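> Sharing a model that was predicted from the sequence below.
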Amino acid sequence: MSEEQQAQQTQAGGEFEREPVPQNRLLGFKSFVGMYAGEHCAGTELMIGPLFVAAGVSAFDVVVGLIAGNVLAVLSWVFLCAPIATRARLTLYYQLEKICGRQLVTLYNLANGVMFCFLAGAMVTVSATALGVWFKFPMPELSDNYPNSFGWVIAVLACGAMISVVAAYGYEVVSKVANVAAPWMVLVFIAFGLVGLRQFIDATGSEVNSLADVWTLAKTHIWQGGDPHPGRVKFTFWHVAFFAWFCNMAMHIGMSDLSVLRFARKSWYAVASGTGMFLGHFLAWLAASILYAFQMHVEPGNTKVLPGPLAYQAAGLAGLICVIIAGWTTANPTIYRAGLAFQAIVPKSSRFRVTLITGAIATVAAMFPALAMRLLDFVALYGLVLMPMGAVVFVDFWLIPKLGLRGSYAELSGRHFNWAAFAAWIVTLAICLGIVFIVGNWTLYFVALPGWFIASAVYIVLSRVYQKQGRPVAAR
């Protein structure tokens with residue numbers, strides 16, 4: 001790297017936003033274990049777990065469905081995302097710019113950044129519920145859409161500011177925070193599950209002497225099946241499995257984690273995502289479900305989904321601290337990704353400053369509880385919106401050269417708008433959202449799978465036309 005490039009990297013915060021990560025900045029396996037565990041064993045698990053209960057899921061469907069879906073998610077990171085990340089070592093946003101052109105990728109980066117801001121906002125919301133227990137201000141209910149107290153607004157502002165500053169310092173700081181916090185958080189989440197089971201045993205007078213007895217308790221009192229809460233989709237095995245697989249679709253199939261895994265020395269380091277999937281999206285979701293089911297058992301009319309009170313009921317002060325830190329470690333990498341998306345729109349701006357502004361947007365979003373209370377629907381939607389461009393990256397990297405076409409065509413031809421990629425994105429979204437609108441909201445959890453193949457096919461077919469009409473390019 002030249003001295004001029006080094007100076008540019010220093011000014012940009014050393015995150016290599018517009019060039020491959022050099023060998024001397026690659027990270028070991030442990031960094032990704034901590035990052036994925038910290039990001040996915042998080043405060044939002046205390047939102048998602050209860051929402052499974054609200055969806056009327058049965059014990060078999062939730063346990064077996066989560067195992068199947070989380071295995072598929074890990075395989076998606078390992079075989080779809082990581083091989084490209086460790087070969088190109090570029091952020092998703094710069095790689096898309098080379099494929100799609102500056103104008104199109106600006107539209108995508110805007111959509112990507114906004115969606116990640118909303119997701120991070122839900123995580124800030126989670127942390128703020130812990131402060132509500134301490135300071136005893138009114139907190140939102142399951143049906144609330146807007147802030148319901150001044151105390152709630154102040155709590156969200158405090159949590160959002162803390163989270164944004166850490167994210168602004170870059171991926172290495174985010175990873176270090178996650179490595180420190182993750183082991184302790186995992187233990188607290190396990191404690192949530194064990195305490196919840198003990199409370200159920202005491203409250204129901206059940207005799208539990210074996211795993212078979214635990215399973216009986218789970219089927220009869222925790223995940224009983226039955227009707228969902230009003231306004232909720234009824235969840236089956238397939239809903240759970242596809243939700244577990246696709247709730248992080250934007251990151252693995254949608255390729256957003258190119259920006260994270262580009263720092264990995266080996267592509268197999270993506271198996272580290274399994275720590276997040278099975279500690280967070282399995283154990284933590286089940287533990288949170290148990291706490292909420294016990295709340296419903298004790299107070300059948302209390303349908304509030306508030307992580308702070310749930311954690312406090314199970315683990316006291318340690319539970320509240322866990323909720324705050326868990327929301328923090330999840331929002332950090334999410335705001336980091338959103339900051340990279342916005343920074344790619346204005347590459348000459350400081351990534352640090354852009355990330356702080358991004359955090360402010362996420363904090364404002366967090367004040368509106370509807371985002372967190374409809375989290376199952378939102379994560380399915382944001383994965384669907386970002387998925388088609390992940391298909392474009394995959395096809396452009398692996399298939400386009402084998403079909404006699406040119407990869408990274410916008411960069412080679414000097415074009416600023418790849419209409420083949422744009423059509424793949426828009427046509428896929430139109431078809432998938434049309435299915436959801438016509439057939440019903442329950443299809444939102446499934447349409448992304450056929451959508452990936454639709455996006456791939458449209459991009460391949462239209463790339464032939466697009467490149468024939470384009471400017472001639474020199475061989476690389």
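It's in. Everything numeric here is computed off the predicted structure, so don't read it as measured data.

> make it CA atoms for all contacts and neighbour counts henceforth
Will do.

> Just give the number of residues close to Thr204.
Taking other Cα atoms under 10 Å as the neighbour definition, Thr204 ends up with a count of 11.

> got the buried residues for the helix or strand encompassing Gly38?
Assessed by DSSP states H and E, Gly38 sits inside helix 29-40. Going by neighbour count (16 or more other Cα atoms under 10 Å), the buried part of helix 29-40 is Ser31, Phe32, Val33, Gly34, Met35, Tyr36, Ala37, Gly38, Glu39, His40.

> Make TSV out of the residues you listed and add distance to Thr275.
Conversion of those to TSV gives the following (distance: Cα to Cα, whole Å):
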residue	distance to Thr275
Ser31	12
Phe32	9
Val33	6
Gly34	8
Met35	9
Tyr36	6
Ala37	5
Gly38	9
Glu39	10
His40	8
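
> Any chance of JSON lines for those residues, columns distance to Thr106 and pLDDT?
Formatted as JSON lines, those follow (distance: Cα to Cα, whole Å; pLDDT from 0 to 100):
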{"residue": "Ser31", "distance to Thr106": "30", "pLDDT": "87"}
{"residue": "Phe32", "distance to Thr106": "29", "pLDDT": "92"}
{"residue": "Val33", "distance to Thr106": "32", "pLDDT": "89"}
{"residue": "Gly34", "distance to Thr106": "31", "pLDDT": "77"}
{"residue": "Met35", "distance to Thr106": "28", "pLDDT": "77"}
{"residue": "Tyr36", "distance to Thr106": "28", "pLDDT": "87"}
{"residue": "Ala37", "distance to Thr106": "31", "pLDDT": "81"}
{"residue": "Gly38", "distance to Thr106": "30", "pLDDT": "70"}
{"residue": "Glu39", "distance to Thr106": "27", "pLDDT": "74"}
{"residue": "His40", "distance to Thr106": "28", "pLDDT": "83"}
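
> Please identify which of the residues you listed is nearest to Ile325.
Looking at the buried residues of helix 29-40 and their distance to Ile325, the nearest is Gly38, at 9.3 Å (Cα to Cα).

> Looks like the closest one contacts Thr329 (just checking).
Yes. Counting by Cα atoms under 8 Å, Gly38 touches Thr329, with 5.7 Å between them.

> Now do the contacts for Leu429.
Leu384, Val385, Pro388, Gly451 (Cα atoms under 8 Å, 6 or more residues apart in numbering).

> give me every residue that touches the last one.
The neighbourhood of Gly451, defined by Cα under 8 Å, 6+ apart, consists of Pro388, Thr428, Leu429, Ile431, Cys432.

> so it sits in a helix?
Yes. Secondary structure of Gly451 (DSSP: H, G, I helix; E, B strand; the rest coil): part of a helix.

> Can you give the distance from the longest helix along the chain to the centre of its chain?
Assignment by DSSP state H gives helix 307-345 as the longest helix of the chain. Relative to the mean C-alpha coordinate of its chain, helix 307-345 is positioned 12 Å out (Cα atoms, centre = their mean, to the nearest Å).

> CA atoms only for the host helix or strand of Ala410, dumped as PDB, please.
Assigned by DSSP H and E, Ala410 falls within helix 409-413. Provided in PDB are the C-alpha atoms of helix 409-413 (Å, rounded to 0.1, in the frame of the first residue of the first chain):
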ATOM      1  CA  TYR A 409     -19.300  -5.200 -15.600                       C
ATOM      2  CA  ALA A 410     -20.200  -1.700 -14.400                       C
ATOM      3  CA  GLU A 411     -16.600  -1.200 -13.300                       C
ATOM      4  CA  LEU A 412     -15.200  -2.600 -16.600                       C
ATOM      5  CA  SER A 413     -17.500  -0.700 -18.800                       C
END
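
> That one: what's the following helix or strand?
Following helix 409-413 in sequence order, the next helix or strand is helix 419-439 (DSSP H and E).

> Using CSV, write down the CA coordinates of that following helix.
As requested, C-alpha coordinates have been extracted for helix 419-439 and formatted as CSV (Å, rounded to 0.1, in the frame of the first residue of the first chain):
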residue,chain,number,x,y,z
TRP,A,419,-30.3,-2.2,-15.3
ALA,A,420,-30.1,-6.0,-15.4
ALA,A,421,-29.3,-6.0,-11.6
PHE,A,422,-32.0,-3.4,-11.0
ALA,A,423,-34.6,-5.4,-12.8
ALA,A,424,-33.6,-8.5,-10.8
TRP,A,425,-34.1,-6.6,-7.6
ILE,A,426,-37.4,-4.9,-8.5
VAL,A,427,-39.0,-7.9,-10.3
THR,A,428,-38.2,-10.2,-7.5
LEU,A,429,-39.6,-7.9,-4.9
ALA,A,430,-42.7,-7.3,-7.0
ILE,A,431,-43.4,-11.0,-7.4
CYS,A,432,-42.7,-11.9,-3.7
LEU,A,433,-44.6,-9.0,-2.2
GLY,A,434,-47.4,-9.7,-4.6
ILE,A,435,-47.7,-13.2,-3.4
VAL,A,436,-47.8,-12.0,0.2
PHE,A,437,-50.5,-9.5,-0.6
ILE,A,438,-52.7,-11.9,-2.6
VAL,A,439,-52.2,-15.2,-0.6
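
> in the chain, what spans have low per-residue confidence?
Low-confidence segments of the chain (pLDDT under 70): 1-14, 170-179, 181-182, 470-476.

> Look up the closest residue to the residue positioned nearest the centre of it, ignoring the ones flanking it.
Ranked by distance to the mean C-alpha position of the chain (Cα atoms, centre = their mean), the top residue is Asn248 at 4.6 Å. The shortest distance from Asn248 to any residue other than its chain neighbours is 6.7 Å, reached at Gly383 (Cα to Cα, 6 or more residues apart in numbering).

> how about the one you found, what does it touch?
Contacts of Gly383 were listed using Cα under 8 Å, 6+ apart, and they are Phe246, Cys247, Asn248, Met249, Ala250, Gly254, Ala448.

> which residues sit in contact with the first one?
Phe246 sits next to Ala73, Ala380, Gly383, Tyr445, Ala448 when contact means Cα under 8 Å, 6+ apart.

> The fifth one now?
Ala250 makes contacts with Ser256, Tyr382, Gly383, Leu384, Leu386, Met387, Gly390, as judged by Cα under 8 Å, 6+ apart.

> Include distance to Leu90 and secondary structure when you put those residues into CSV, please.
Compiled in CSV, the contacts of Ala250 are given as follows (distance: Cα to Cα, whole Å; DSSP: H, G, I helix; E, B strand; the rest coil):
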residue, distance to Leu90, secondary structure
Ser256, 11, coil
Tyr382, 22, helix
Gly383, 21, helix
Leu384, 23, helix
Leu386, 18, helix
Met387, 18, helix
Gly390, 14, helix
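
> will you turn these into a markdown table that also has distance to Thr125?
What follows is the contacts of Ala250, written out as a markdown table (distance: Cα to Cα, whole Å):
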| residue | distance to Thr125 |
| --- | --- |
| Ser256 | 23 |
| Tyr382 | 18 |
| Gly383 | 20 |
| Leu384 | 23 |
| Leu386 | 23 |
| Met387 | 25 |
| Gly390 | 28 |
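
> And those residues, which is closest to Val465?
Nearest to Val465 among the contacts of Ala250 is Gly390, at 20.8 Å by Cα to Cα.

> my read: that closest one touches Met255, true?
Yes. Counting by Cα under 8 Å, Met255 is a contact partner of Gly390 at 5.1 Å.

> could you pull out the strands for this protein?
Ranges of strands in the chain, per DSSP state E: none exist.
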